[in-house]
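1. How does the following fold in three dimensions:
(chains A and B)
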Amino acid sequence: MIKEQAKPAQPDTVRERAGLALNDEFLRQAVKFTTERLRSGKKAASEAHGHWDEWREQGRQIRLHTIAHLDYYLNLFADNARANGVQVHFASTAEEAVSLSLAIAESAGARSVVKSKSMVTEELHLNHALESIGVEAVETDLGEYIIQLAGETPSHIIIPAIHKNRYQIAELLSAEAGETLPPDTTILAGFVRRKLREKFLEADIGMTGCNFAIAETGSMVLFENEGNARMVSTVPKTQITLMGMERIIPSWEDLETMATLLPRSATGQRLTVYMSGITGPKRADDADGPEEMHLIILDNGRSNQLGDPEFQELLNCIRCGACLNACPVYRHIGGHAYGGTYSGPIGAVLTPALKSNVAEWDDIASASSLCGACYEACPVKIPLHDMLVSLRRRKVEAGRADALETLGMKGFGAVAGRAGLMGAALGAGRLGQRLVARGGEIRLRLGPLKGWNKYRVTPTLAKQPFRKRWSTLEQELTGELREMDPAVKNRLEELARRGGRKGGDSHG
Amino acid sequence: MKVSLFITCLSDAIYPRVGEAMARILARQGVKLDFPKVQTCCGQPAYNSGYWDEARKTARTILAAFRDSDFVVSPSGSCTYMVHHYEELFKDEPEALREARELRSKTYEFTQFLVQVLGVTDIGARFPHKVTYHPSCHGSRLLGVKEEPLELLRGVDGLQLVPLPFAEDCCGFGGTFAVKMADISGAMVTEKADHVKETEAEVLVGLDMACLMNIAGNLRRRGEPVRVLHLAELLEEGARVG
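-> Modelled structure (predicted):
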């Protein structure tokens, strides 16, 4: 069995979990270093490829079409996979998927399972379930192997151990090796390679995830860089592949678009080192491959998004992690602060959506400045920043918002709903600030200014707000007013007749 | 021809000099601004926090204020973009929805109006200083205002524009986010101010007073002498000198 270290307990709120991360300089440096490398790699690769927004739009259209006809493509895929000799299972919940996996392991008489990277199995906490029936589960993706040794969960969708630096990794691997390994990446990777080679050869079951499932041929496609997924899917006699029910794309032709978008968005690579297409178990004239192949297709809350106009596009996600790499919040707090299997902007929306308790889920949707970097980075243009606002609105509508905040917002609505009241409130504010302002600044760390002024000073309200200044300013301006260029004037009048321009933004 | 100023609550209450600078610059381009006093706030604080009933209340003041305007000009990309959300807020009210669509097509962020509508990129300003520019997220990423401010800055005589490292990263303001998630927001603004310091610029310029208030507040607390200005203020100061 893998020797796991004790798992640290996680606090209940995003704020507290983020606090732990913000005080962990190693974590912040490690996450910053790698996300910066990944996002600049992505930028370079997408610019080099050219017409990136058109590729994104094409990817989005493929995903929109597939999800709109998911019942059709899912059936087509399952029928074709069965015709290829794959045993197809549907699991509506995580528990069902776990039971199915354990039953397959038991009937195969399995003692050990080698796994390639799969976020779905993280969603199921499958390793612990396998171990509970005495089956050893070994992660073979380097990052996953490291966090398995640490007894942790992935903190990034594609770089599970992004929060660890090489010194921490050397320490973990040294404990496993029973000798001190230097913090040299080549030596450390070499140790893991030798160690895992034994595991591949003795494993009874190979377990994989699935990046894309091709409906027209019932095939599964895996993208990876280490060759471990190819080992997992060729050496053991039995293969189990787990996939979310939304992983489908209609055709191999569609894969061309996805293969263009996924590696570039994820790691800035033109293509991953390995891309495997698997169509059924070992055939009579095949040199290798599993004799028995199972496919477990998981719902676990996904179908709840179907027909929801605000969240259905979540199912378009291709799990590239680009939104995590672009997110300034993720960069500072890492993945564990999000508290779910999936982290970053996609996790902040996906976790509550899958659990169908959008109104209750903690304060995770508050942990965003709504800057839109996630939307800009997304290869299939999922409007995550809008979804975060939808989550907040549903929480308010369900009456689960913070009482003080609700009071404040009601006050805001009442005051800012009428210009006269807002003017009066500003007047009162100017009187009130005399008590706390010094030299045009407020440094007090109390009440709502406590957190703000810990990092900043607050400017005072102007002596005269613009609305009071206007009447004198308007008179002053008459002296400065020049004649407008006739050509410009014509253009303005033409535009005004047409009622302005169309659209006027870049958020399509 | 009625061109109206959408001042935004922040510039109204704390930074009236930004509205004043805009009005003077536009007057010299032949635009006589109008200022409807019934306007209050675009409603973004309530909208982003999920309080859409309250957002609708304040959004109605904006719809009413600019009903008769041919053009609406605002010193904030974020508040300009908020007007684009009105269609969603009023999707069940046909009359308000029609007004929301009209307002969206006639509302411009300040540099959009100068460059796209008036066709001006050089207002004859001189500003012999080292300047760096922070593109605010909503203005640049969502509204699509990217080149306009740079064109205007290139049109200023003597101005040395130095690129801000990781310029497109959020400053950490995010409205109520800065209060609710104060430590995350604090980490973000500290990183942004560090990048500003790295440029050794004398002046930080931008198009959104909320973000600039945030960054300036952090610079002040750390005793950094960088001046923080809205682009309209920089242009107006430069026009008076030049």
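2. measure the spatially most central residue of chain B to chain A for me?
-> Nearest to the geometric centre of chain B sits B:Ser76, at 2.0 Å (Cα atoms, centre = their mean). In this view, B:Ser76 and chain A are 13 Å apart by Cβ to the nearest Cβ, to the nearest Å. Placement of C-beta: from N, CA and C, glycine included.
3. What values do phi and psi take at that residue?
-> phi -140, psi 130 (degrees, to the nearest 10).
4. which SS class is the closest residue to chain B within the stretch 251-400 of chain A?
-> Closest approach between the stretch 251-400 of chain A and chain B, counting by Cβ to the nearest Cβ: A:Ser369, at 2.8 Å. Three-state assignment for A:Ser369 (DSSP: H, G, I helix; E, B strand; the rest coil): coil.
5. Could you find the closest non-adjacent residue to it?
-> Nearest residue to A:Ser369, sequence neighbours excluded (Cβ to Cβ, 6 or more residues apart in numbering or on different chains): B:Gly174, at 2.8 Å.
6. what comes into contact with whichever helix in chain A runs longest?
-> Longest helix in chain A, counting residues (DSSP state H): helix A:25-49. Under the contact criterion Cβ atoms under 8 Å, 6 or more residues apart in numbering or on different chains, helix A:25-49 has outside partners A:21-22, A:52, A:55, A:155, A:159, A:162-165, A:168, A:260, A:264-270, A:321-322, A:324-326, A:330-332, A:334, A:377.
7. among those, which ones are buried?
-> Neighbour-count burial (16 or more other Cβ atoms under 10 Å in any protein chain shown) applied to those gives A:21-22, A:52, A:55, A:155, A:159, A:162-164, A:168, A:260, A:264-269, A:321-322, A:324-326, A:330-332, A:334, A:377.
8. tell me which strands and helices the longest helix that chain B contains is in contact with?
-> Longest helix in chain B, counting residues (DSSP H): helix B:182-199. Packing partners of helix B:182-199 (3 or more Cβ pairs under 8 Å, 6 or more residues apart in numbering or on different chains; DSSP states H and E): helix A:14-22, helix A:328-333, helix A:449-455, strand B:130-133, helix B:177-180, helix B:209-221.
9. next SSE after the third one?
-> Toward the C-terminal end, the helix or strand that comes next after helix A:449-455 (DSSP states H and E) is strand A:458-459.
10. average pLDDT for the following helix or strand past that following strand?
-> Helices and strands here follow DSSP H and E; after strand A:458-459, the next one along the chain is helix A:466-480. When pLDDT is averaged over helix A:466-480, the result is 95.
11. Which other helices and strands does helix A:466-480 contact?
-> Counting by 3+ Cβ pairs under 8 Å, 6+ apart, helix A:466-480 packs on helix A:419-433, helix B:9-13, helix B:16-28.
12. That helix: which residues count as buried?
-> Residues of helix A:466-480 classed as buried by neighbour count (16+ other Cβ under 10 Å): A:466-470, A:473, A:477.
13. picking that back up, enumerate every residue touching the residue nearest to A:Ser369.
-> Listed by Cβ under 8 Å, 6+ apart, the contact partners of B:Gly174 are A:368-371, B:48, B:185.
14. what's residue 14 in contact with, if anything?
-> This is for chain A. With Cβ under 8 Å, 6+ apart, A:Val14 has these contacts: A:337-339, A:362-364, A:366-367, B:181.
15. ah, I was thinking of chain B
-> A:459-462, B:209, B:213.
16. for A:Met422, same thing?
-> Residues near A:Met422 by Cβ under 8 Å, 6+ apart: A:415-416, B:9, B:40-41.
17. let's see 7 Å
-> Shown in contact with A:Met422 (Cβ atoms under 7 Å, 6 or more residues apart in numbering or on different chains): A:415-416, B:40.
18. Of all the residues in the stretch 101-250 of chain A, which one is nearest chain B?
-> When distances are taken as Cβ to the nearest Cβ, the stretch 101-250 of chain A reaches nearest to chain B at A:His163, 15.5 Å away.
19. That residue in helix, strand or coil?
-> A:His163 - assigned by three-state DSSP - is coil.
20. Using CSV, write out every CA atom in the strand or helix carrying B:Glu237.
-> According to DSSP H and E, B:Glu237 maps onto helix B:231-241. Extracted C-alpha coordinates of helix B:231-241, given in CSV (Å, rounded to 0.1, in the frame of the first residue of the first chain):
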residue,chain,number,x,y,z
LEU,B,231,-6.9,59.6,-18.2
ALA,B,232,-9.3,62.6,-18.4
GLU,B,233,-7.4,64.3,-15.6
LEU,B,234,-4.0,63.7,-17.2
LEU,B,235,-5.2,65.0,-20.6
GLU,B,236,-6.8,68.1,-19.0
GLU,B,237,-3.7,68.9,-17.0
GLY,B,238,-1.6,68.4,-20.1
ALA,B,239,-3.9,70.6,-22.2
ARG,B,240,-3.6,73.4,-19.7
VAL,B,241,0.2,73.1,-19.7
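21. on contacts alone, who are the packing partners of it?
-> In terms of contacts (3 or more Cβ pairs under 7 Å, 6 or more residues apart in numbering or on different chains; DSSP states H and E), helix B:231-241 is packed against helix B:16-28, helix B:147-154, strand B:203-206.
22. so how far is it from its chain's centroid?
-> With Cα atoms, centre = their mean, to the nearest Å as the basis, helix B:231-241 stands 16 Å off its chain's centre.
23. Same check on stretch B:234-242?
-> Stretch B:234-242 sits 19 Å away from the centroid of its parent chain (Cα atoms, centre = their mean).
24. Which positions in it come out as buried?
-> The neighbour-count check on stretch B:234-242 (16+ other Cβ under 10 Å) flags B:234-239 as buried.
25. which residues are contacting it?
-> Contacts to stretch B:234-242, defined as Cβ under 7 Å, 6+ apart, come from residues B:21, B:24-25, B:123-127, B:152, B:156-157, B:203, B:205.
26. Highest neighbour count among those?
-> The most crowded member of the contacts of stretch B:234-242, judged by other Cβ atoms under 10 Å in any protein chain shown, is B:Val205 (27 neighbours).
27. May I have the residues that are in contact with it?
-> B:131, B:133, B:229, B:231, B:234.
28. Might one say that the fourth one is in contact with B:Met209?
-> Put plainly, it is B:Leu231. No. With contacts counted by Cβ atoms under 7 Å, B:Leu231 stays clear of B:Met209, the gap being 10.9 Å.
29. Let me know the secondary structure of the most centrally placed residue in chain A.
-> Geometric centre of chain A, nearest residue: A:Ile346, 3.3 Å, by Cα atoms, centre = their mean. Following three-state DSSP, we place A:Ile346 in the helix state.
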